[in-house]
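# quick one: sequence and predicted model below, then my questions.
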Amino acid sequence: MCAIYAHGFTALDANLKGSKMIHKLMRNSRTPEAQGSAAAPTGRRWAGRGAVAAIATTALALALAGCSTSSGAGNAAGSDQIIVGYSGYTLTNPYFAGLIKGLEDGAAAHGFKLIQTNSNGDNNTQVSDIQNLVSQGAKYVIISPADASAIVPAVASAAKSGAVPIGISDTINSPDVKFTVAMDHVAIGEQSAQGIVDHLTAKYGSPKGKVVEMQGIAGSSAGADRTKGFKNVISKYPEIEVVATADGGFDTDKTFTAMSSILQAHRDIDAVMNANDSEAQGTTKAIEAAGLFAPVGDPKHIFVTGNDAPAPAIADIRAKRQDMTVSSNPIAIGKLAMDKIADLKAGKDVSGFVEWKGMVITPANIESEAVKSYGIWADEVR
């Protein structure tokens, strides 16, 4: 993939096959991508202003001419080829590897040219990314927001410029978004909470016990909605006590740190609600580090939920280390977004919320025909 960023000058992240010249040109100016980094990528100082000007000019020309990811089997974009931009905020979460695969496959199927950017969790960078996609000719701009509110001005500006903003995987608080393809995140939270209720009922004979909630990224609509769904269900059961709540940031390491601290004060918890499966991984590792791990089915087992169903979660469910995930299918979601753009281009009416239904996956049903029919997207992303 090739991402174009604006941070005072144009930098290139050239990972496309065939982009060796770009990679060689910019190798001293790139920094490794890391989710949540607030700092924009910066390069080493280059000796001589002439060298800076020459390199910057060449890099910019290459960026505009051929750096963007193209879905058309290497063919140059013609004047009538639709350009679709994708503004994402992370590459470290496995879910987004699946989403990008779906977008790329969908773009190729419809003959669209796809340009991709990654803000590394920085809101200001994502605003710049959206502006850059529009300036590069993107007619449609698909956005997966790090903060659904922070990018609203950029969405409005893109729409004013004639581009069509589209939400994916999460909602954006803007009337300028033409449509959004995502799961119902409130329903995801409710499904996860119901799994906990069923476990506690089976364990104690009635729904009671001690639960921890690990929330998603602050400012994320998906995280807020999953918490809302969790509370919708748990609030019905007064004997279920939520003993601790923390921001897991949709991140394994952050969740591990938070859960390790919580377990020092609450070693007798029964279950943990996680906003996604990256958090579930951190929770399970913290439980192990505290010496409290027991496999699914063991009376001492701590029930662990997750969402999205990336490969590590699927592996843990198969190994009876994790109890459940509400699976998405980001590959299918990415393809569906491109299908809807094709519908718009054909003059069809596409607007509002386009829901992709989730699937609860557990050790008991993971090999079932229903799950196989829904698809385990993690098995398609290597």
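That came in fine, so what should we check first?

# any chance you could map the helices in the stretch 251-382 of the chain?
When assigned using DSSP state H, counting those that start in this stretch, the helices of the stretch 251-382 of the chain occupy the ranges 252-265, 277-289, 311-318, 330-345, 369-374.

# where in the chain is pLDDT low?
Within the chain, the stretches falling below the threshold (pLDDT under 70) are 1-79, 382.

# report the central residue of it.
residue 96 (4.7 Å; C-alpha atoms, centre = their mean).

# which one of the helices of the stretch 251-382 of the chain lies nearest to residue 103?
With distances scored as C-beta to C-beta, the stretch of these nearest to residue 103 is helix 330-345 (4.0 Å). Heads up, the C-betas are built off the backbone N, CA and C, glycines and all.

# re earlier: can you lay out the helices of the stretch 251-382 of the chain as a markdown table showing mean neighbour count and distance to residue 177?
A markdown table is the format used below for the helices of the stretch 251-382 of the chain (neighbours: other C-beta atoms under 10 Å; distance: least, C-beta to C-beta, whole Å):
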| stretch | mean neighbour count | distance to residue 177 |
| --- | --- | --- |
| helix 252-265 | 19 | 29 |
| helix 277-289 | 25 | 26 |
| helix 311-318 | 20 | 29 |
| helix 330-345 | 21 | 12 |
| helix 369-374 | 12 | 27 |
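
# dump those to a markdown table, plus distance to residue 143.
Supplementary listing: the helices of the stretch 251-382 of the chain in a markdown table, determined by distance: least, C-beta to C-beta, whole Å:
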| stretch | distance to residue 143 |
| --- | --- |
| helix 252-265 | 24 |
| helix 277-289 | 21 |
| helix 311-318 | 25 |
| helix 330-345 | 11 |
| helix 369-374 | 26 |
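
# of those, which is nearest residue 152?
Across these, residue 152 has its closest neighbour in helix 330-345 (19.9 Å, C-beta to C-beta).

# now do the closest one: everything it contacts.
82, 84, 95-96, 98-107, 109-110, 112, 140, 142, 164, 166, 168-169, 178-179, 181-183, 308, 350, 354, 356, 375, 377, 380-381 (C-beta atoms under 8 Å, 6 or more residues apart in numbering).

# show me which of these are buried.
Buried members of the contacts of helix 330-345, scored by 16 or more other C-beta atoms under 10 Å, are 82, 84, 95-96, 98-107, 110, 112, 140, 142, 164, 166, 168-169, 178-179, 181-183, 308, 350, 354, 356, 377, 381.

# go through the residues you listed and flag which are in strands.
Residues of these located in strands (DSSP state E): 84, 140, 142, 164, 166, 168, 179, 181-182, 308, 354.

# between whatever helix or strand residue 158 lives in and strand 164-168, how many degrees?
Assigned by DSSP states H and E, residue 158 belongs to helix 152-160. Angle, helix 152-160 to strand 164-168, by axes from the mean of the first three to the mean of the last three C-alpha atoms, to 10 degrees: 140 degrees.
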